[in-house]
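Participant: Here's my sequence, what's the structure:
(chains A and B)
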Amino acid sequence: MAAYDQPETPSDRLARWVRDHAPTVRGYLLGLVRRPDLADDLLQEVFQRAWQARDRYEDRGTERAFLLCIADRLVIDNSRRSRREINIGDATWHEVEPTADDDSPLDELHTAETNQELTTALDRLTFNQRRVLLLRYFSDMTFEDIATELQCPLGTALSHCRRGLAAMKKLLTTNEH
Amino acid sequence: MNDNLPLTDNQLCLATSRSLPADAHLDSDTAAARESFLSLGTATESAASRFDEAALLARLQQSCLQSPAVTLKPTEPKRDWLPLVLSGTLALAALIAIVRIATDSNSAEQEVATVTWSPSAGGAGTVLTPAQLTPAWNDAIDDEIAIASATLQQYSTRNHSFDGSLLNINDRLEALSQELSNETL
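Facilitator: A predicted model of the protein is given here:
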């Protein structure tokens, strides 16, 4: 019982954030920027910024939504800075994707298949369609909140979602045939 | 070629929810859309799960927790003395000016501009110079006023003398009239 009464130390809090949310935030970043090295850099920056503003996250709902909103804005800032669409080919994807040395051949095969599927899927989607679908998937935010984050009307956010799902459905149908 | 799914907003919410309510019933379109949505999310999650979480945490602990804390060191107050000296001088000058004005005002109230004159002292034909007026002051306008006042006194003295002469003539004429009337009798 005494353990529950103790306040969470800053170190524990940071460790919990990373444990609970880092894979999710990295997934969102990877889905948008599609470069693991850039996603890792942005991931660290997301947590640093969130840590600096940790007293304000209560105003923005859950911790995960707070982190994902920071991630979304960092991606937008990054793409504006670079002034180019970050969209690399499959070969480059495998070059920059870090792989662990102790992976078995079966794991590597599975990873390659997953990356291939993801690359194919993301190629079908526009940037804003990816934002809407991934925010919805990773944060479970309402469409109203997503529209606010995207700074667009609710109907536009819903339209991005519909079109993105249609593209994904078409991809799945093609794969089945 | 239809690029848009014929789903209502409610169906879209159900298709893109990771956990469905127990009583949720999905039609075929919604279920297919949900399958597409989950496949995208799962693939992204799977691709993103391969990273060194411990290394990230170590970097974050170094940058967030062990970074030099922003403390307000009690540094020596870096004062610029010039504005302080200038403002002090200005305040002192203002204080001196106020004292001077107050002093001048009090002395002016005490020196009431009075011009004393008595007919007996002045006499007919006596010209009073500003120096003879009490109290004397150095203001040029006051001097002019005093001179004008003395001139008026002279005129009034002359008038009085003239009136006296007429009275004397009148007395003499009365006396002559009496003498003439006595001689006639």
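
Participant: residue nearest the centroid of chain A?
Facilitator: A:Y28 (0.4 Å; C-alpha atoms, centre = their mean).

Participant: That one contacts A:L135, correct?
Facilitator: Yes. With contact defined as C-beta atoms under 8 Å, A:Y28 reaches A:L135; the gap is 7.3 Å. Any C-beta I mention is one placed from the backbone N, CA and C, and that applies to glycine too.

Participant: got any residues that touch both of the two?
Facilitator: Common neighbours of A:Y28 and A:L135 are listed as A:68, A:72 (criterion: C-beta atoms under 8 Å, 6 or more residues apart in numbering or on different chains).

Participant: Output the contacting helices and strands for the lengthiest helix in chain B.
Facilitator: Assignment by DSSP state H gives helix B:140-184 as the longest helix of chain B. Helix B:140-184 makes packing contacts with helix B:119-122 when contacts are defined by 3 or more C-beta pairs under 8 Å, 6 or more residues apart in numbering or on different chains; DSSP states H and E.

Participant: picking that back up, for the residue nearest to the centre of chain A, give me the pLDDT.
Facilitator: Per-residue confidence at A:Y28 stands at 93 (pLDDT).

Participant: Residues of chain B that sit close to chain A?
Facilitator: B:2-5, B:7, B:9, B:12-13, B:15-18, B:32-33, B:35-41, B:43-51, B:53, B:56-57, B:59-61, B:63-65 (C-beta under 8 Å from any C-beta of the partner chain).

Participant: And for A:L165, the neighbour number?
Facilitator: 29 (other C-beta atoms under 10 Å in any protein chain shown).

Participant: Contacts only, for it.
Facilitator: With contacts taken as C-beta under 8 Å, 6+ apart, A:L165 has the following neighbours: A:133, B:5, B:7, B:12, B:15-16, B:33, B:36-37.

Participant: would you list the residues you listed in CSV and tack on pLDDT, neighbour count and distance to B:Q154?
Facilitator: Shown next, in CSV, are the contacts of A:L165 (pLDDT from 0 to 100; neighbours: other C-beta atoms under 10 Å in any protein chain shown; distance: C-beta to C-beta, whole Å):
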residue, pLDDT, neighbour count, distance to B:Q154
A:L133, 93, 28, 116
B:L5, 74, 22, 122
B:L7, 83, 22, 120
B:L12, 88, 21, 117
B:A15, 89, 25, 121
B:T16, 90, 26, 117
B:A33, 88, 27, 123
B:S36, 86, 25, 125
B:F37, 89, 23, 121
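
Participant: Inside helices: which ones of the residues you listed?
Facilitator: Using DSSP H, the contacts of A:L165 in helices are A:133, B:12, B:15, B:33, B:36-37.

Participant: closest to A:L172 among the residues you listed?
Facilitator: Set against A:L172, the nearest of those by C-beta to C-beta is B:S36 (5.7 Å).

Participant: need the contact list for that closest one.
Facilitator: A:165, A:168-169, A:171-172.

Participant: among those residues, who's most crowded?
Facilitator: Counting neighbours by other C-beta under 10 Å, A:L165 leads the contacts of B:S36 with 29 neighbours.

Participant: Tell me how far that residue lies from B:T151.
Facilitator: Distance from A:L165 to B:T151, counting by C-beta to C-beta, to the nearest Å: 115 Å.

Participant: Please tell me how far A:I76 sits from B:I145.
Facilitator: Counting by C-beta to C-beta - A:I76 and B:I145 are separated by 88 Å.

Participant: low-scoring stretches of chain A, by residue?
Facilitator: Where chain A drops to pLDDT under 70, the residues are A:1-5, A:57-61, A:83-115, A:117, A:175-177.

Participant: Other residues contacting the host helix or strand of A:R64?
Facilitator: Assigned by DSSP states H and E, A:R64 falls within helix A:63-82. Helix A:63-82 is contacted by residues A:17, A:20-21, A:24-25, A:28-29, A:32-33, A:38, A:42-43, A:45-47, A:49-50, A:53, A:57, A:60, A:85-86, A:131, A:135, A:138-139, A:141, A:145, A:149 when judged by C-beta under 8 Å, 6+ apart.

Participant: Among those residues, name the buried ones.
Facilitator: Buried residues within the contacts of helix A:63-82, counting neighbours by 16 or more other C-beta atoms under 10 Å in any protein chain shown: A:17, A:21, A:24-25, A:28-29, A:32-33, A:38, A:42-43, A:45-47, A:50, A:57, A:60, A:131, A:135, A:138-139, A:141, A:145, A:149.
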